[in-house]
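Chemist: coords please:
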Amino acid sequence: MTVWLLFLVLFALSFLPMLWLGARTYFRYRGTRVVTCPETGMPAAVRVDGGRAAGSASIGELEVRLSACSRWPERNGCGQACLSQIEAAPADCVVRTMLVQWYQGADCAICGREIGEVHWVEYEPALLTPGRKTVEWEDVTAENLAEVLATCQRVCWRCHAVHAWREKFPGFRADATSPQTS
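Modeler: Residues are numbered from 1 along each chain as shown. Prediction:
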């Protein structure tokens, strides 16, 4: 009985390297990415099929395929040549990585303070459009990311919250408890 139990434990432990490799691959390829579509030359937002990549990596034959693309369904039959960009630099085309690098060492366009480390769960920074309106990242599509980064300025969370409050309640004054009268 003890020999069989030992054999079962060793057999179960033999799967740990495969599980570790699969999990590592899944986390490497998950998330929305921005690539240049080889067919159109335009930016495209894509998602890799993380489950397929993890499963294939765990058996030793990595297969990376897309599960979604902003150019689908009209270009659904494409050869997925954009995958070479992802395989060359998996982390560099992830939207979050691109944004963290964009905000790194930057100052807020409104208050001038350094934005500092980006905390995507708590207080995420925002954008200031050329029309002086603040925009949250959830309102930006990944395929428009390059244009947004080129035309908008960086704004800290505090300034965005104040700016958004002023847009929502234009008559409210911070130094009074009643709306502003003119």
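Chemist: pLDDT below threshold where in this protein?
Modeler: Low-confidence segments of the chain (pLDDT under 70): 173-182.
Chemist: Would you map the strands across it?
Modeler: Here the chain has its strands, by DSSP state E, at 32-36, 43-48, 66-69, 126-128, 134-135, 153-155.
Chemist: can I get these in a markdown table with distance to residue 98?
Modeler: The way it works is simple: take the backbone N, C-alpha and C, and place the C-beta from them, glycine included. Output for those, formatted as a markdown table (distance: least, Cβ to Cβ, whole Å):
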| stretch | distance to residue 98 |
| --- | --- |
| strand 32-36 | 7 |
| strand 43-48 | 11 |
| strand 66-69 | 18 |
| strand 126-128 | 14 |
| strand 134-135 | 17 |
| strand 153-155 | 13 |
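Chemist: What are the structural domain limits within the chain?
Modeler: Using automatic domain parsing, the domain ranges for the chain come out as 1-93, 95-182.
Chemist: how about these in TSV, adding mean neighbour count?
Modeler: Shown next, in TSV, are the domains of the chain (neighbours: other Cβ atoms under 10 Å):
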stretch	mean neighbour count
domain 1-93	14
domain 95-182	14
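Chemist: By residue count, which helix of this structure is the longest?
Modeler: For the chain, the helix that runs over the most residues, judged by DSSP state H, is helix 16-29.
Chemist: To residue 143, which of the strands of the chain lies closest?
Modeler: strand 43-48 (4.7 Å; Cβ to Cβ).
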